[in-house]
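> Predicted model and sequence follow; I will ask about them next.
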Amino acid sequence: MLLAVAEQVLNGLMLGSIYVFVALGMMLIYGVMHVLNFAHGALFMLGGYCAHLVFTQAIGNYALAILAAIVMLIAVGAVIERTVFAPLRDNLRNQVIASLGLVLFIENLVVVLWGPNALQFRIETTQAVVSLGVLRFRVQHLLIIGVCALCVTALFLFLQRTRFGTAIRAVAQNPRAALVVGIDVVRVHRVTFAISMALAAIGGALLGPLFLLFPQMGDLPLVKGLAGILLGGMGSIGGAVVGGLLIGVIEAVSTLVIATDYRDAVTFTAIVLVLLLRPQGLFGVRTREEA
Amino acid sequence: MSAMLSVRDVSAGYGGRMIVEGVSLDVPAGQIVAVIGHNGAGKSTLLKAVFNLLPGRRGRVRLGDTVLDGLAPQRLLAAGLAYVPQERSTFPKLTIAENLRMGAYLLDDAALIAERTERVLALFPALRARLGQLAGTLSGGEQRMLEIARTLLVAPRAVMLDEPSIGLAPKMVDTVFDTARRLAGQGVAVLVVEQNVRKVLAAADTGIVMEMGRIVLADSAASLRSDDRVARLYLGAAGRAFSAPAHP
């Protein structure tokens, strides 16, 4: 039993890491630009397809394929930011509608380009199984957790320690003041969007080889990522990380007690409970915006 | 006396409606020029217009020999014009040290930043002990001081303060105007917009009265202090204290 729990916790951390990629990206964009981008899951999926394309058609090196997917998604994100979100700035409702439209557009674009059937994304090297004491895992699982930890650390250091990272936080807290001290707010928006796209690309490219690639593969990670944000508390990076991981672990561990079919229901029940008992999330602070 | 900050014929407003019309003024280096007037007279709009925050602004603004018209805020700061808006412009969840670092956002030279930060902290000793504290934990007055202190990191030639005393305790108001005085003492041209007429005229060299978007009176702060029309204005008399604009 203990073994099974440990196995599921690690599974949960792996799934949770995927949710963290989605949650962090969405929260960065929301925190800095006040854009709620529901197309994030579709972009995550596109990241998986881009990595697959480069891996199977061009280089055959997984790491380089992920890098290529990052670059491609940043380019796609730059177009979307300029053509869809920037013109709708300060209009949250229309941005939400536009981002839902983007979901349809991107998913169907993928159907046009790659067809509606699921694709296999086999990476031989990461299919290998390693033993961790009595536990046995695929390299891909550990890779996902490791890359997530690396990205979270890098993002945290960037935001806390560098001038531009501090400027991103400054814009999130007081955009008008940022203008007054000479921060290029438009550039901060663009870089934030690019970071968010990079995280989506990495997430999609890491999840792809685990299951299959299909046009809706981003839908559940999107909802789970959002759940992670709510669980952790809106507006805190640490909260999004812990929230995303927790959602993964709750989901995985619950399969030990309840039928696997119910695991999504378990996750969302947990969210409902959190919202009822602690609406600001686990790490959120109740705040009122100052006029 | 040559003006450090020179504003000529500036008109501006929101969405085509002009709030400020044909305002001209000069702020010499080392002096404080105070713009007073009723709520809605266009004082704050004037500062926003000078800082190029209002699209469609007309007129010319120079800082020393630099023409500022149409420059983005980053370029204005680089030229040496700093602006402290009326609404809070600290970053509440950044530390005081980080807030100061953001004040020097445009600077790359670490040694220069360190040197200027040191000078600012010498001028504002209260901030030094609390460098690691979040700015949001400071009182309103302390945050105002932080905002003013932060502008010094770009070594400005001119500073514009929009209602610096608003919402502050009386003692803090004195501190803020003392600080403005000290800035001027270092050769900075200070343009301040203020509702607290008595206090600002006590600190300023020159006073300018605005009404309905125009300058109706400009004189030395000393003579404005004894002007009974100004007295009526700052005692809160409603309506127009002046019968006709000085510049029709």
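Great, that's in hand.
> Quick one: name the residues of the stretch 101-250 of chain A near chain B.
Proximity of the stretch 101-250 of chain A to chain B (C-beta under 8 Å from any C-beta of the partner chain) is limited to residues A:163, A:166-167, A:169-170, A:173-174, A:176-184. In this view, the C-beta of every residue, glycine as well, is placed from N, C-alpha and C.
> Could you identify which of the residues you listed has the most neighbours?
When neighbours are taken as other C-beta atoms under 10 Å in any protein chain shown, the top entry among those is residue A:181 (28 neighbours).
> What average pLDDT does stretch B:165-180 get?
In this model, stretch B:165-180 has an average pLDDT of 91.
> quick one: buried residues of it?
Residues of stretch B:165-180 classed as buried: B:165, B:168, B:172-173, B:175-177, B:179-180 (neighbour count, 16 or more other C-beta atoms under 10 Å in any protein chain shown).
> What is the most widely separated pair among the residues of the stretch 101-250 of chain A next to chain B?
For those, the maximum inter-member distance is 19.6 Å, found between A:163 and A:176 (C-beta to C-beta).
> I figured residue A:230 was touching residue A:276, is that so?
No: using C-beta atoms under 8 Å, residue A:230 makes no contact with residue A:276, being 11.8 Å away.
> who's more crowded, the two?
Per other C-beta under 10 Å, whichever of residue A:230 and residue A:276 has more neighbours is residue A:230, with 23 against 8.
> how much space is there between that one and residue A:20?
14 Å (C-beta to C-beta, to the nearest Å).
> what are the ranges of the helices in the stretch 101-250 of chain A?
A:124-127, A:139-161, A:163-173, A:175-180, A:185-207, A:219-232, A:237-257 (DSSP state H, counting those that start in this stretch).
> Of those, which is nearest residue B:61?
Using C-beta to C-beta, these put helix A:175-180 closest to residue B:61, at 16.6 Å.
> now for the closest one, which elements pack on it?
Where contact means 3 or more C-beta pairs under 8 Å, 6 or more residues apart in numbering or on different chains; DSSP states H and E, helix A:175-180 is packed against helix A:163-173, helix A:185-207.
> if we can go back for a sec, out of the buried residues of stretch B:165-180, which are inside strands?
Counting by DSSP state E, no part of those is found in strands.
> Nearest to chain A among these?
Of all the buried residues of stretch B:165-180, residue B:168 has the smallest distance to chain A: 16.0 Å, by C-beta to the nearest C-beta.
> who touches the closest residue to that closest one other than its chain neighbours in this structure?
Ranked by C-beta to C-beta, 6 or more residues apart in numbering or on different chains and with sequence neighbours excluded, the top spatial neighbour of residue B:168 is residue B:141, at 4.6 Å. With contact taken as C-beta atoms under 8 Å, 6 or more residues apart in numbering or on different chains, residue B:141 is in contact with B:168-169, B:172, B:175-176.
> mind checking how far residue B:134 is from chain A?
From residue B:134 across to chain A, the span is 10 Å (C-beta to the nearest C-beta, to the nearest Å).
> ok, residue A:279 - how many residues close by?
Count around residue A:279 with other C-beta under 10 Å applied: 12.
> Now do the SS call for it.
coil (DSSP: H, G, I helix; E, B strand; the rest coil).
> and it, what does it touch?
Applying C-beta under 8 Å, 6+ apart, no residues contact residue A:279.
> quick one: contacts for the residue in chain A positioned nearest to chain B?
Chain B sits closest to residue A:177 of chain A, with a gap of 3.6 Å, by C-beta to the nearest C-beta. Neighbouring residues of residue A:177 by C-beta under 8 Å, 6+ apart: A:170, B:85, B:88-91.
> again, only using 7 Å
Counting by C-beta atoms under 7 Å, 6 or more residues apart in numbering or on different chains, residue A:177 makes contact with B:89-91.
> And residue B:168, by the same measure?
Taking C-beta under 7 Å, 6+ apart as the test, what residue B:168 contacts is B:140-141, B:144, B:176.
> Could you list the low-pLDDT ranges of chain B?
Residue ranges of chain B with pLDDT under 70: B:1, B:233-248.
> where exactly do the strands run in it?
Using DSSP E, strands in chain B cover B:3-14, B:17-28, B:32-36, B:58-63, B:66-67, B:81-84, B:158-162, B:189-193, B:206-211, B:214-220.
> Please name whichever of these is nearest to residue A:158.
Among these, strand B:81-84 sits nearest to residue A:158 (C-beta to C-beta), with 27.8 Å.
> Is chain A within reach of that closest one?
Yes: for strand B:81-84, a contact with chain A is found by C-beta under 7 Å from any C-beta of the partner chain, at residue B:83.
> So which elements touch that strand?
Here strand B:81-84 touches helix B:140-151, strand B:158-162, going by 3 or more C-beta pairs under 7 Å, 6 or more residues apart in numbering or on different chains; DSSP states H and E.
> Is there proximity between the helix with the most length in chain A and chain B?
For chain A, the helix with the greatest residue count under DSSP state H is helix A:2-33. No: using C-beta under 7 Å from any C-beta, helix A:2-33 never reaches chain B; the gap is at least 10.9 Å.
> For that helix, name the packing helices and strands.
helix A:40-57, strand A:135-138, helix A:139-161, helix A:163-173, helix A:185-207, helix A:219-232, helix A:237-257.
> got the CA coordinates for the last one in PDB?
Which is helix A:237-257. Provided in PDB are the C-alpha atoms of helix A:237-257 (Å, rounded to 0.1, in the frame of the first residue of the first chain):
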ATOM      1  CA  ILE A 237       4.000  32.300  -8.200                       C
ATOM      2  CA  GLY A 238       4.600  30.000  -5.300                       C
ATOM      3  CA  GLY A 239       0.900  29.500  -4.900                       C
ATOM      4  CA  ALA A 240       0.600  28.500  -8.600                       C
ATOM      5  CA  VAL A 241       3.400  26.000  -8.300                       C
ATOM      6  CA  VAL A 242       2.200  24.400  -5.100                       C
ATOM      7  CA  GLY A 243      -1.400  24.500  -6.300                       C
ATOM      8  CA  GLY A 244      -0.600  22.900  -9.600                       C
ATOM      9  CA  LEU A 245       1.500  20.100  -8.000                       C
ATOM     10  CA  LEU A 246      -1.200  19.500  -5.300                       C
ATOM     11  CA  ILE A 247      -3.900  19.100  -8.000                       C
ATOM     12  CA  GLY A 248      -1.700  16.500  -9.700                       C
ATOM     13  CA  VAL A 249      -1.000  14.600  -6.400                       C
ATOM     14  CA  ILE A 250      -4.700  14.700  -5.300                       C
ATOM     15  CA  GLU A 251      -5.700  13.400  -8.700                       C
ATOM     16  CA  ALA A 252      -3.200  10.600  -8.700                       C
ATOM     17  CA  VAL A 253      -3.600   9.500  -5.100                       C
ATOM     18  CA  SER A 254      -7.400   9.500  -5.400                       C
ATOM     19  CA  THR A 255      -7.200   6.700  -7.900                       C
ATOM     20  CA  LEU A 256      -6.000   4.400  -5.100                       C
ATOM     21  CA  VAL A 257      -9.300   4.800  -3.300                       C
END
